[in-house]
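S.K.: Here is my input, please return the structure:
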Amino acid sequence: GTDLAELLERQAISHALIPPAALATLPPGEFPRLQTLVVGGDACPAALAARWSQGRRMVNAYGPTEITICASMSAPMDATEPPSIGQPVWNTRMYVLDDSLRPVPPGVAGELYIAGSGVARGYLKRPVLSAERFIANPYGEPGSRMYRSGDLARWRSDGSLDFLGRADQQVKIRGFRIEPGEIVSMLLKHPQVTQAAVVDYMVPSAFVHLPSLPLTPSGKLDRKALPAPEQQQAGAQYVAPRTATEKLLAGLWAETLQLQRIGIHDNFFEIGGHSLMAIQLGMRIRQQLRADFPHAEVYNRPSIAELAAWIDDNAGGGAEALDLSRELELPAHIRPQGIAAPALKPKRVFLTGASGFVGSHLLAALLRDTAACVVCHVRAEDAQAGECSWCRTAATPSTTALRRSTFCIPMRASSPRTSTAWSRCSNGRRKAARRACTTSPRSR
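M.R.: As a prediction, the model looks like this:
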């Protein structure tokens, strides 16, 4: 930081390209000779743009090496607008696409693909990786290719692009897609945070304070050089387990959370626990302490002291556990309005999936409550498989009436993938059953 500042002053640098991570290390100063500043190689925080755009022309440039350095450039930045990576430069096209390579609308995040004259031929002696990253361009000339950048972006209404981080840094935790780049953006909005790097997800389990972030020779964040966080435990002052129940629970918590020391007043969810770990803890308690332990008590009593007291007080069993259903409230718009449902008297019904779990119950209800003629559609590889499936459905107690009131309509089958169709007439006049098939491609 200091060495770069001295170099800028000593050499009277007027134009410079500096990565944001390196720019953030410069000490406060005017640098009056620096009239044009280009940042690139990494995301530019809004606070950094607001600081360095005053009194000079500051531009944000974006471009992976694979497309010959620069793909887009922003308009001159200022403190009023969040930084963008701008619009494509001459002879370059950029696409924001979904997982099916379809363009997404403005404001929607997608992966950034780049095409144009600057796209490289591939990686030297790495054909597999080249085939993965340099793919056919469905929106360009025949035979043209585009580069899959691995970056996430979204279009603004003015035609510029927002950079949202790396797609390959996206993590999926318990079904939730987490973007560390968005968390970094939120951290950088805090006035006391100048640099940030997220190596955890959502609410971090540990915070590490550093004088400055380690950088690569090119000025980018060196994630591999970040020190491993020491185990930090949030919560109250440590109090050791006292009773036998507390000691046993402390061991189960330590095994579940992979922690060496846990106090009896520490909150399970504040020291790293989550819903899946709560289930694991509940199973361990059932196996080693109480077979009828209700998992909901981990939420109701999230400390060892509270949970141990509840277990000891209810050693005889039969204690009432937390009933989360009591807290459920239906929105007003789905409450009964006292309006009777309209009486439906269908004459003919086409029922798909009649041999499935839901379909068989719907079929039984139609037979019981209506006088409609029901045409049932059963998916099968061939007529024989369809008949077997149908026989299993007809053998269930709820659809026993089918065997008394079902007849079949022979139909021509022109494909090996067929669906068997039966028609049921409620008056039961026809009792003879004949197998029939109708052509219907099996849905995927």
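S.K.: A354 sits in which helix or strand?
M.R.: Counting by DSSP states H and E, no helix or strand carries A354.
S.K.: Look up which residues are beta-bridged to the nearest residue to it once chain neighbours are set aside.
M.R.: Counting by CB to CB, 6 or more residues apart in numbering, A354 lies nearest to C376, which is 3.6 Å off, once chain neighbours are set aside. To be clear about C-beta, it is placed using only N, CA and C from the backbone, and glycine gets the same treatment. Legend: beta-bridge partners of C376 under DSSP bridges are L351, W422.
S.K.: Wait, C376 touches L363, no?
M.R.: Yes: counting by CB atoms under 8 Å, C376 does reach L363; the two are 6.5 Å apart.
S.K.: Are there residues contacting both of those two? Which ones?
M.R.: Shared contacts of C376 and L363 (CB atoms under 8 Å, 6 or more residues apart in numbering): L351, A354.
S.K.: can you pull out the strands in the stretch 1-150 of the chain?
M.R.: 15-17, 36-39, 57-62, 72-73, 87-88, 92-97, 110-116, 134-136, 145-155 (DSSP state E, counting those that start in this stretch).
S.K.: Partner strands of the third one, with direction?
M.R.: Spelled out, that is strand 57-62. According to DSSP bridges, strand 57-62 forms sheet pairs with strand 36-39 (parallel), strand 72-73 (antiparallel).
S.K.: Could you list the low-pLDDT ranges of this structure?
M.R.: For the chain, applying pLDDT under 70 flags the ranges 168-179, 199-206, 229-236, 316-328, 330, 334-344, 357, 392-444.
S.K.: can you pull out the helices in it?
M.R.: 2-10, 20-23, 46-52, 127-133, 180-188, 244-257, 275-288, 297-300, 304-313, 357-369, 383-394 (DSSP state H).
S.K.: Tell me which of those sits most buried.
M.R.: helix 20-23 (a mean of 22; mean count of other CB atoms under 10 Å).
S.K.: Tell me the helices and strands packed up against it.
M.R.: Contacts defined by 3 or more CB pairs under 8 Å, 6 or more residues apart in numbering; DSSP states H and E place helix 20-23 against strand 36-39, helix 46-52.
S.K.: chain center to the first one, what's the gap?
M.R.: The gap between the average C-alpha position of strand 36-39 and the chain average comes to 35 Å, counting by CA atoms, centre = their mean, to the nearest Å.
S.K.: residue contacts, the closest residue to G181 other than its chain neighbours?
M.R.: Nearest non-adjacent residue to G181, counting by CB to CB, 6+ apart: G165, 2.2 Å away. G165 sits next to A43, D151, L152, E179, P180, G181, E182, V184 when contact means CB under 8 Å, 6+ apart.
S.K.: closest to G356 among these?
M.R.: E179 (38.1 Å; CB to CB).
S.K.: Distance to E387 added to the helices and strands packed on helix 20-23, as CSV?
M.R.: Output for the helices and strands packed on helix 20-23, formatted as CSV (distance: least, CB to CB, whole Å):
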stretch, distance to E387
strand 36-39, 70
helix 46-52, 67
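S.K.: Quick one: closest of these to L17.
M.R.: When the helices and strands packed on helix 20-23 are ranked by proximity to L17 (CB to CB), strand 36-39 comes first, at 4.4 Å.
S.K.: Output the closest one as CSV, nothing but the C-alphas.
M.R.: The C-alpha atoms that make up strand 36-39 are tabulated as CSV, following Å, rounded to 0.1, in the frame of the first residue of the first chain:
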residue,chain,number,x,y,z
THR,A,36,-7.7,8.5,-15.0
LEU,A,37,-8.1,5.4,-12.9
VAL,A,38,-9.2,2.0,-14.2
VAL,A,39,-10.0,-0.8,-11.8
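S.K.: Buried residues in that strand, which are they?
M.R.: Neighbour counts over strand 36-39 (16 or more other CB atoms under 10 Å) mark L37, V38, V39 as buried.
S.K.: if I pick the closest residue in space to I183 that isn't next to it in sequence, what's in contact with it?
M.R.: Leaving out its chain neighbours, the residue that sits closest to I183 by CB to CB, 6+ apart is V198, at 4.6 Å. By CB under 8 Å, 6+ apart, the contact set of V198 is P180, G181, I183, V184, L187, P204.
S.K.: State the distance from the second one to P45.
M.R.: If I follow you right, that is G181. Distance of G181 to P45, given as CB to CB, to the nearest Å: 11 Å.
S.K.: Same check on C391?
M.R.: According to CB to CB, C391 stands 67 Å off from P45.
S.K.: quick revisit: nearest to R93 among the helices and strands packed on helix 20-23 would be which one?
M.R.: The nearest among the helices and strands packed on helix 20-23, by CB to CB, is strand 36-39 at 21.8 Å.
S.K.: neighbouring contacts of that closest one?
M.R.: 14-20, 23, 48-49, 52-53, 56-61.
S.K.: what does stretch 262-272 give?
M.R.: Contacts of stretch 262-272 (CB under 8 Å, 6+ apart): 205, 233-242, 246, 250, 253-254, 257, 259, 277-278, 281, 298, 302-305, 308.
S.K.: in it, what's buried?
M.R.: I262, G263, I264, D266, F268, F269, I271, G272.
S.K.: Farthest pair within these?
M.R.: Greatest spatial distance among the buried residues of stretch 262-272 (CB to CB): I264 and G272, at 16.5 Å.
S.K.: show me the contacts for the closest residue to E246 other than its chain neighbours.
M.R.: Among residues not flanking E246 along the chain, A308 sits closest, at 4.5 Å (CB to CB, 6+ apart). By CB under 8 Å, 6+ apart, the residues touching A308 are T243, T245, E246, L249, I264.
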